[in-house]
Structures are given as structure tokens and as C-alpha cells.
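> got a predicted structure here, sequence first:
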Amino acid sequence: MRLYNKQRKVELTIDNKLLEKISQIGIQHFPNEFGGFLIGKYSDDFNTLFITDFILPESYKGNRYNFERNSEGMNTFFSTLFKNKKEYYIGEWHTHPNGSTQFSNTDLSAMANIASSSCVNLKNPILLILSVSSDKLNQATFYIYDNRKLLPYE
Ligand SMILES: [Zn+2]
């Protein structure tokens, strides 16, 4: 699947099978929210982002209306990943059980924190929100964070 963000004129690609796998894990946690990290790499001109994998958090808190992952220990993991595969942490994903793929204010401020974090050099992190029911994915929306806004890919 290939998506485009018109404001920033950038592309994002993800394998349908990978998106399917992420959705299945999200559905398994229904009716609670669940999520994790997204892994990927950019094309040489930085215009295309390839999402290549995802990671589940080692610890998290998830209920019907909130999801909070703990990133403890992840820095080591991400630097090893970069050394071995030249892929890195590019953002976050989580589900909205029986909800829309619209981001919440909490989602926006979480992304702002990531973009301003000194631990990761990531000015435009990606957020994937999955709307899920008890047995299926309803919709998946990717956003790119840019200057205090979350802009959807279409
Ligand atoms: Zn959310």
C-alpha cells in the first residue's frame, strides 16, 4: 500500500501483510487500546518512508480509552537495529476500539513530546491509528507530525 501526504509531498509505503499483522494484534486486545512502535527507513531523497516492521512494548498500560507504552530499554534496541539493518524507530501505532481513526489531544501531545525529545532525532514522527472492532479492522490512518500538527496520509 502506497500513501501520499500532500502538505509535505511525501510518500509512505507499507506491505499489506504487515498492516494485517499489526491489525490482528490490535484486535486481539479488543476492547482495550493497544499499540507499539513502528520501524522503517527513508529513501535517499527522504521523500519516501518505507515502514518495514513493528515492535510491541515490553510494558504498557491499556484500557478502553487510553494506551501508554513504556519505552524503557528501547534505546538500546533501536541502536542495535540501526547498526544491523539500517532501520530505525519512526513512530507509533495504537488502536481505537470501536472508535474512529481521528487522533485525540493526548495523541497529539504524545507526538509533540516525541518530536521534541532529545533521545530520538525524529522531527516528523509517524502515528498510525487503527479503528478496530472485536473481529475486524475498520480503518487505518497514518499521520505525519509536523510543527504541532498531525497531517494524514491519503
Ligand atoms: Zn489515540
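Great, that's in hand. These figures come from a predicted structure and were not determined experimentally.
> so what's the residue lying closest to Pro57 once chain neighbours are set aside scoring on pLDDT?
Spatially, and ignoring its direct neighbours in sequence, Pro57 is nearest to Arg69 (3.7 Å; CB to CB, 6 or more residues apart in numbering). C-beta: built from backbone N, CA, C; applies to glycine. On pLDDT, Arg69 comes in at 87.
> does Arg69 touch Gly36 like I think?
Yes. Contact status for Arg69 versus Gly36: in contact at 6.5 Å, counting by CB atoms under 8 Å.
> which residues do those two both contact?
Pro57, Glu92 (CB atoms under 8 Å, 6 or more residues apart in numbering).
> who in the protein is up against the ion?
Ser104, Asp107 (CB under 5 Å from the ion).
> in the chain, where is pLDDT below threshold?
118 (pLDDT under 70).
> still on that earlier bit, assumed the residue nearest to Pro57 was part of a strand.
Yes. The assignment for Arg69, made by DSSP: H, G, I helix; E, B strand; the rest coil, places it in a strand.
> tell me, how many neighbours does it end up with?
Using other CB atoms under 10 Å, Arg69 is surrounded by 22 other residues.
> contacting residues for it?
Gly35, Gly36, Phe37, Pro57, Ser59, Tyr60, Glu92.
> closest one of those residues to the ion?
For the contacts of Arg69, the residue nearest the ion by CB to the ion is Gly35; the value is 8.2 Å.
> for the closest one, give the beta-bridge partners.
Beta-bridge pairing for Gly35 (DSSP bridges): His94.
> please name the residues that touch it.
Contacts of Gly35 (CB under 8 Å, 6+ apart): Gly26, Pro57, Tyr60, Gly62, Phe67, Arg69, Glu92, Trp93, His94, Thr95.
> then Ile55?
Ile55 touches Gly36, Phe37, Ile39, Met74, Phe77, counting by CB under 8 Å, 6+ apart.
> and for Ile144?
Applying CB under 8 Å, 6+ apart, the residues contacting Ile144 are Asn5, Arg8, Val10, Leu12, Asn124, Pro125, Ile126, Leu127, Leu150, Leu151, Tyr153.
> re the thing from before, of the contacts of Arg69, just the buried ones, ChimeraX syntax please.
Of the contacts of Arg69, the buried ones can be selected in ChimeraX as follows, counting by 16 or more other CB atoms under 10 Å:
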select :35,36,37,57,60,92
